[in-house]
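Visitor: compute the structure for the input listed below.
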Amino acid sequence: MSKKKLTNQNLLALSSAAKLGSAGLLVLLVALILVQFLDRPEDLIFSLSIIVLLVLLSAYLLNDLLKQANQHLYDLSFRENRGQQEALIKLPMGILLYSADKKHKIEWINPRLQRHFGDREILGLTMSQLNPKLEQLVISSSESKAQSQVIQLESAQFRAFVQRDLRIIYLLNITDLVQLQQKYESEKIALGQIFLDNYDEITQTMADREQSNLDNYVTNQLTDWANNNAMFLKRISKDRFIVVAYARSLQQLEENSFGILDQIRKGTSQQNYPLTLSIGLAYGHDNLAQVAEEAQKNLDLALGRGGDQVVVRKGEEPASFYGGNTNPMEKRTRVRARMISQALRDLFDQADHLYVMGHDRPDMDSLGACLGIHRIAQMNDKKCQIVIDQTEVHTDIARLLTLIDQDPTLKDDLISPKKAVETVEKNSLLIMVDVSKPSLSMSPELFQKLAKQTIIIDHHRRGEEFPANPILVYIEPYASSASELVTEMIEYQPKSKQSLSKLEATALLAGISLDTKSFTLRAGTRTFDAASYLRSLGADGTMIQNLLKEDVTAYIQQSHLISTIEMITPHVAVCAGEDDQSYDSVIAAQAADTLLSLSNIQAGFVLTKRDDDVVAISARSLGDFNVQVIMEEMGGGGHLSNAATQLKQTTVSAAKKELIAITQQKVEDIKQ
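Guide: Numbers count the residues shown, from 1 in each chain. Got it, this is the predicted structure:
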């Protein structure tokens, strides 16, 4: 209750008390005089006359007091009402009244808010016509508690407060505050590292003069780029630079998609020394040490994804990726393969039990790599079990499992994900092959139990979802397949132990053959070296052909998917199955591969519904179009020319619309 209302009540009480007090005093005086002068009539008349005069005087004074009290009450009430009216009109805050119907029509706004809109007629508009966010705030607000939200009206920012019981919206102009916040955010320090991806490989055969010319060219280009964007650049080693900038400079560079990547690549290619950059940038933290740490992580992520790209992260927000539109140049060395192989042996020696698993619904590359790791464990006298769900496999994997079941050294080492989780031992080691995302692995639950005792061997570009603290990581986007990586490691295992069996060698070669499309895509010299090694151990080409055979039903379904072809752009195609028809993901992948064999198609997408109500997308390209970035935007990943994603709680039709929109936007971005 307000102080003014308390004052009014006190005045009313005072008036009533004065009236009662005067009447009581008069009665008391008359009674006293009657008792005192009952025996003397002449004195009684005089006394009564005096009393009458006193009563008249008291009445006059009391009436004057009551008039003053009433006038004061009136003045207070007038001032209170006038104050409320002036507040509504002159208060530096917008006030809006809206109707009780569902349209929430605007019934009145104060002059302060009207001045903001100028000559625009606001009265009579519905809330959604004025601002959809304001409409949502009104709908979501409760009767008892006011809610607020920042909205934009015309060119100004307001914090809107809704008082639903009175149907009032208060709008506080916070434009200056928002601009100050934006200025503060734009002036935060950003740190970055620039790495020349293949500098060592290119310069090792160069003459000193050529190397000096290349160094000068790259340094000058990067220096001009930094100066033009108000950044500080410093070369700290032959292949590494550091960058210091304000956040606003990074935001401008993001809008331009970091054209320096193409500039350096094209400029050095013209000199016959194609050089690429990897850049990791971070900002948004108040602690510079944390910003520097994030920048290093982002550079590692860019390198892990194949280089020739930029990774930018603001605070705790998801990372943004730019570039990566070219196939990474092979720069693996056998030295690293030998080091990883030795590290694997050392880690195996320290563990009591080993588990190896690939991704969910494994393909030939995934299971082939698992068999290879299983053999490495046996060569080091360690027990290793392959985690696989045999109830949900493709026809080619089912054929391979039938052959494994006939091999006494392998069949007893297959274990279901459920049993692996139940029987996992404390000092166990988990090896994940052909996958680095725990959510896509054969058993995310097993990974959670062994998260700090995990080894990752993969050939896909590293994504944002990545184990926090794996004890060993071997990710090579330049490799054709996980089977190729594992095959190289087998070559450096003890020669005294039994090497790969014919079945294991065949499975590994089948994995390489599958991922390279029979050695036509992503097959480097190391790929053929691995294939040659496997053939020397008895890998059977006929058995591979039988394993990878298509059945008639699958071929018909694949042909049906191809018949739905639709061109998103002149060189990018999409095929989509029905919303109510399930397809095996292998059929979709094979259909995507088939698209590339058609003329004028550089990239293709195939969308199908799986039997678990998940919409799967298989993406393929010939290398000139980056399908990985599109799949990443839809929650997936992979390679520049081979990627995929899985979408839950959606339909094939809805996913197709989203895919087309993203693809067309990416094409427009490339043109710019």
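Visitor: so what's the closest residue to residue 374 other than its chain neighbours up against?
Guide: Spatial nearest neighbour of residue 374, chain neighbours left out: residue 384 (4.9 Å); criterion: Cβ to Cβ, 6 or more residues apart in numbering. For every residue, glycine as well, the C-beta is placed using N, CA and C. Listed by Cβ atoms under 8 Å, 6 or more residues apart in numbering, the contact set of residue 384 reads 353, 354, 355, 356, 373, 374, 377, 378, 413.
Visitor: could you do residue 268 as well?
Guide: Residue 268 touches 214, 217, 218, 274, 275, counting by Cβ under 8 Å, 6+ apart.
Visitor: same thing but at 7 Å, please
Guide: 214, 274, 275 (Cβ atoms under 7 Å, 6 or more residues apart in numbering).
Visitor: kindly report the same for residue 235.
Guide: Residue 235 neighbours (Cβ under 7 Å, 6+ apart): 219, 241.
Visitor: before we move on, what SS does it have?
Guide: When classified by DSSP: H, G, I helix; E, B strand; the rest coil, residue 235 comes out as strand.
Visitor: hmm, residue 318 and residue 464 touching each other?
Guide: Yes - under the criterion of Cβ atoms under 7 Å, residue 464 makes contact with residue 318 at 6.1 Å.
Visitor: so for these two, which sits in the more crowded spot?
Guide: With neighbours defined as other Cβ atoms under 10 Å, residue 464 and residue 318 compare such that residue 464 has more, 13 against 8.
Visitor: so who does the more buried one touch?
Guide: 318, 319.
Visitor: and it, which of the three is it?
Guide: Residue 464 - assigned by three-state DSSP - is coil.
Visitor: pLDDT score for it?
Guide: Each residue has a pLDDT score; the one for residue 464 is 75.
Visitor: can you check the one 5 residues further on too?
Guide: The predicted local confidence for residue 469 comes out at a pLDDT of 81.
Visitor: ok, and the most crowded of the contacts of residue 384?
Guide: Highest neighbour count within those, by other Cβ under 10 Å: residue 355, with 33 neighbours.
Visitor: correct me, but that one touches residue 386?
Guide: No - checked against Cβ under 7 Å, the pair residue 355 and residue 386 is beyond contact range at 8.0 Å.
Visitor: what sits against the spatially most central residue of the chain?
Guide: In the chain, the residue lying closest to the centroid (Cα atoms, centre = their mean) is residue 318, at 4.4 Å. Shown in contact with residue 318 (Cβ under 7 Å, 6+ apart): residue 464.
Visitor: confirm it sits in a strand?
Guide: No - applying three-state DSSP, one finds residue 318 to be coil, outside a strand.
Visitor: can you tell me which residues contact residue 413?
Guide: Neighbour list for residue 413: 374, 384, 385, 386 [criterion: Cβ under 7 Å, 6+ apart].
Visitor: which helix or strand contains residue 604?
Guide: strand 603-609 (DSSP states H and E).
Visitor: residue 127 against residue 134, yeah?
Guide: Yes - using Cβ under 7 Å, residue 127 is in contact with residue 134, at 5.6 Å.
Visitor: mind listing the helices for the stretch 301-450 of the chain?
Guide: Using DSSP state H, counting those that start in this stretch, the helices of the stretch 301-450 of the chain run over 334-350, 364-379, 395-405, 417-423, 444-449.
Visitor: alpha carbons of the longest one, as PDB, please.
Guide: As requested, C-alpha coordinates have been extracted for helix 334-350 and formatted as PDB (Å, rounded to 0.1, in the frame of the first residue of the first chain):
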ATOM      1  CA  ARG A 334      56.000 -44.600 -43.000                       C
ATOM      2  CA  VAL A 335      57.900 -43.200 -40.000                       C
ATOM      3  CA  ARG A 336      54.700 -42.200 -38.400                       C
ATOM      4  CA  ALA A 337      53.000 -45.500 -39.200                       C
ATOM      5  CA  ARG A 338      56.000 -47.300 -37.600                       C
ATOM      6  CA  MET A 339      55.800 -45.100 -34.500                       C
ATOM      7  CA  ILE A 340      52.100 -45.700 -34.100                       C
ATOM      8  CA  SER A 341      52.600 -49.400 -34.500                       C
ATOM      9  CA  GLN A 342      55.200 -49.400 -31.800                       C
ATOM     10  CA  ALA A 343      53.000 -47.300 -29.500                       C
ATOM     11  CA  LEU A 344      50.200 -49.700 -30.100                       C
ATOM     12  CA  ARG A 345      52.400 -52.600 -29.000                       C
ATOM     13  CA  ASP A 346      53.400 -50.800 -25.800                       C
ATOM     14  CA  LEU A 347      49.800 -49.900 -24.900                       C
ATOM     15  CA  PHE A 348      48.700 -53.500 -25.600                       C
ATOM     16  CA  ASP A 349      51.400 -54.800 -23.200                       C
ATOM     17  CA  GLN A 350      49.900 -52.600 -20.400                       C
END
